[in-house]
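K.L.:
what follows is a predicted protein model with its sequence.
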Amino acid sequence: MSTPERHPRILVVDDEESIRRALRSILSSRKIEVTLASTGAEGISLAIETNPELVVLDLSLPDMDGLDVCRELRTWMVSPILILSVRGNEADKIEALDLGADDYLTKPFSAGELLARIRALLRRAESRVGPPPEIRVGELAVNLAKRQVFLNGQEVFLTKTEFEILALLVQNIDCVVTYRMLAERLWGDPEDRQPQLLRVHVSNLRKKIEPHPALPRFIRTEPGIGFRFSAE
Amino acid sequence: MSFKTIRNWAETHPFLFAPGLVAAATLFFFPGRDLLGKGHWALLYLLVISMVASVAGSRPALAAALASFLAWNVFFLPPYNTFRVDDPKDWISLGVFLVVGVLIGLTSGRLREREALAVSQEREMALLNRLTGRLLALGSPEKMAETLCAEIDGVFSPRFVRFHLVEAGGKRTLLFGTKAELELDPLEEDFLDWVSTNGKGVASPAADPSRDARSTGSRNPVSHSRVFPAVSRNDIFLPVISSSRLEGLLHTGEHRNGTPYTWNEIQLLSAAANMAGTFLERRRLEEAARQAETVREGDKLKSAIFSSVSHELKTPLSSLTATISGLLEADLAWEPARARHELESVRKDLDRLAHSIGSLLDLSRLAAEAWKPDLRWVEPGEVLGEVLFRLDRSDRDRVRVELPGGLPLMQVDFQQWGRLLMHLLENALSYSPPGSPVTVRSRVTEFGLETWIEDEGPGIPEEERDRVFTKFFRGSASGLLPGGTGLGLTIALEIARVHGGSIRIEDNLPKGTRFVVLLPAARVRETEA
């Protein structure tokens, strides 16, 4: 999965030394260049200096609020931001995602989860430059240019809304897609979040593309936040 | 105007009613004066006297007898329109009429008074009975005050009733009041203060209490004028007293018709107030007992947590320390396969640690009663899918999911409901033979949505079924198994409860246990088309 020619640069902002050490060991053993910052201010200045391809940002920092760091970085940086947070702090997660963070990971997490998120975010950032016309996930194929969907070679007919949802999900494969992102795509208005209405469309979509709609495998629910298309 | 309102008016204004009725009868009789003999009219007047007696009692009947005597004399005994009587025999008739009229009035009036007394006593007994019954069943002081006020309102028809609660420090709060919109009485606070300090009631009874004062002693209410001279009122202030202290104050307004309360009525109100006092005291004592019980439970829980924590956290910690220090020993050559094997067991220990810490966090939430579900409509499979995703590969392969299509939506807290399923699944997976299947099913019943988690383990004996949900209880089959905090099922049940649901245990025939989680129908909704 990794791209051996180019070594991505990742900035880790976390105040706990043990987490920084663990992340450095996990990432650098996979040929990733890691820069470490222990405070928000240090994180911002290192981001300016090194222009990383991804930032891993802990929300609880000693000197400033992680949300403020996120806001500050987003004023100029386009690289993805991965938030680290503790369980149950949903409101913070949603706010961070609204402020421009790209995904989140709940502590404690395994190396596998962390790497999967980082890869998905880097892949997405890359594909934004030249998005592929067709995306394949297992037995599912989505042709974005022709607006066609195939399951096991059989064409599946979706409504316009269902297709837009699926398209946004597969373009962000393995990354969280918030209600806000969906609302913006469907209705052009990010503030017009209608989780209930979106759930109905997603439910219908699942019935058409999931092998077992009662136990969804592709479209997974991120409670209170949105959905995630899982390629696993 | 119905007969009843006339009767009520007659009862409340007896001395207007008695002559009034006689006058009305006279007007009615007058045009037919020559149709009957003079003696017949006397008989009809006796009828009028009996009517007054039966409605208004003996004293108004005497007045009616006197009025009839005069009316018969003036209008029906010649010469008319004068007290003079020509025929000397009529004097005898008049005398007999007066005596008979008075006797009828007295006798039937007394009968009526006895009946009224019996009725009011019955009413009072019924009130006390009802109050006793209701106060036993009631929970909160507010409800008690409301019931008490409603009963008093129904029986005595006062202008208003107010119940003030008095706290230990003497602070007073109005707990309940009928006709609360009444303008505040400028003297009410003063009377309430006086009653609070003196522990005596204030009332101005209609009947003289001195006759049977000795039976009630110093608890007798004093009259308004003795508290504030120059004040004359008909309302009643009563202290609500228990065996230990002043619990509250009962303020009953005067009768709606303005008549003063009788001594008996005041006694009855006092009895009701005392009952309320006993209720409040009993509730306070129960509350104290419950708190003591909670503290004791808390102590038991603390020691159980302590032993569970030391076991569940120390065991993986010591094995971690041993494994890692073993790997760090200088003389060990790092053989990759062995190192990998060791690290695998390190990961397992860490999982176990994380799991125990998670359960303890759940438990502290449980103890703090901080399970406030964040309810959202979700599909059953969404939650289950997330839970399965979190399981180990080997465990996940053992779980069979049989969810029918078209299941309704559930209104649950996604995370919490997931933890509930996780605890039940882990329980089923660890208490059944390795490799044996664990099946999850769902079905809709009239009570709501049921989720079944079935294993093929040894089953849970009937007598252990209630106890498996208690904290730190570990079933007889658990002796074989390492780990486990004994908290999983407790937490699962608590989550089900805060969602209004329940968990029951059934036999999974031919072998094993079935946990049935019920989410009530109110939290279930058919999916939109």
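P.N.:
Noted; the coordinates are in hand.
K.L.:
would you map out the domains in chain A?
P.N.:
A:9-127, A:134-229 (automatic domain parsing).
K.L.:
point to the residue nearest the middle of chain B.
P.N.:
B:Leu138 (3.4 Å; CA atoms, centre = their mean).
K.L.:
what does the pLDDT read for that one?
P.N.:
B:Leu138 is assigned a predicted lDDT (pLDDT) of 70.
K.L.:
same thing with B:Arg219?
P.N.:
62.
K.L.:
with the one 10 residues further on instead?
P.N.:
According to the per-residue confidence, B:Pro229 scores 75 in pLDDT.
K.L.:
same deal with A:Phe229?
P.N.:
On the pLDDT scale, A:Phe229 gets 93.
K.L.:
ok, B:Val195 to chain A distance?
P.N.:
Distance, B:Val195 to chain A, by CB to the nearest CB, to the nearest Å: 53 Å. For the C-beta atoms, the positions are set from N, CA and C on the backbone; glycine is no exception.
K.L.:
ugh, typo on my part, it should be B:Leu268
P.N.:
Distance of B:Leu268 to chain A, given as CB to the nearest CB: 58 Å.
K.L.:
do the same with B:Ser356
P.N.:
13 Å.
K.L.:
which helices and strands sit right next to the helix or strand encompassing that residue?
P.N.:
Element membership of B:Ser356, judged by DSSP states H and E, is helix B:336-367. If you count contacts as 3 or more CB pairs under 8 Å, 6 or more residues apart in numbering or on different chains; DSSP states H and E, helix B:336-367 packs onto helix B:263-328, helix B:488-498.
K.L.:
before we move on, the earlier item: now the domains of chain A as TSV including mean neighbour count and distance to chain B?
P.N.:
Listed next are those as TSV, based on neighbours: other CB atoms under 10 Å in any protein chain shown; distance: least, CB to the nearest CB, whole Å:
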stretch	mean neighbour count	distance to chain B
domain A:9-127	18	6
domain A:134-229	18	3
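K.L.:
re earlier: what's the following helix or strand after the helix holding B:Ser356?
P.N.:
Toward the C-terminal end, the helix or strand that comes next after helix B:336-367 (DSSP H and E) is strand B:376-378.
K.L.:
from the chain's centroid, how far away is the next helix or strand after that following strand?
P.N.:
Scanning forward in sequence from strand B:376-378 by DSSP H and E, the next helix or strand is helix B:380-390. Taking CA atoms, centre = their mean, to the nearest Å, one finds the center of helix B:380-390 at 42 Å from the center of the full chain.
K.L.:
helix B:380-390: what's the following helix or strand?
P.N.:
Where DSSP H and E defines the elements, the next helix or strand beyond helix B:380-390 is helix B:393-396.
K.L.:
distance-wise, check B:Pro239 relative to chain A.
P.N.:
On the measure of CB to the nearest CB, B:Pro239 and chain A end up 52 Å apart.
K.L.:
give me the neighbour count for that residue.
P.N.:
24 (other CB atoms under 10 Å in any protein chain shown).
K.L.:
doesn't B:Leu518 lie inside a strand?
P.N.:
Yes. Assessed by DSSP: H, G, I helix; E, B strand; the rest coil, B:Leu518 belongs to a strand.
K.L.:
quick check, central residue of chain A?
P.N.:
A:Cys175 (3.0 Å).
K.L.:
pLDDT score for residue 34?
P.N.:
In the absence of a named chain, this looks at chain A. 93.
K.L.:
nope, chain B
P.N.:
pLDDT, B:Asp34: 82.
K.L.:
which bits of the stretch 251-400 of chain B sit near chain A?
P.N.:
Neighbours of chain A within the stretch 251-400 of chain B, by CB under 8 Å from any CB of the partner chain: B:354, B:374, B:376-386, B:388-389.
K.L.:
where in chain B is pLDDT low?
P.N.:
B:1, B:179-184, B:206-219, B:300-302, B:304-309, B:330-332, B:366-371, B:471-486, B:527-529 (pLDDT under 70).
K.L.:
tell me the domain ranges of it?
P.N.:
B:3-118, B:140-287, B:309-367, B:376-525.
K.L.:
just to revisit the earlier point, which members of the residues of the stretch 251-400 of chain B next to chain A are the farthest-apart pair?
P.N.:
B:Ala354 and B:Trp377 (30.1 Å; CB to CB).
K.L.:
I figured B:Pro458 hits B:Pro433, correct?
P.N.:
No. The criterion here is CB atoms under 8 Å, and B:Pro458 misses it with B:Pro433 at 9.1 Å.
K.L.:
which one of those two has more residues nearby?
P.N.:
Between B:Pro458 and B:Pro433, counted using other CB under 10 Å, the more crowded position is B:Pro458 (16 against 10).
K.L.:
if we can go back for a sec, excluding residues flanking it in the chain, which one is nearest the residue nearest to the centre of chain B?
P.N.:
Distances taken as CB to CB, 6 or more residues apart in numbering or on different chains place B:Met144 nearest to B:Leu138, at 5.0 Å, with adjacent residues excluded.
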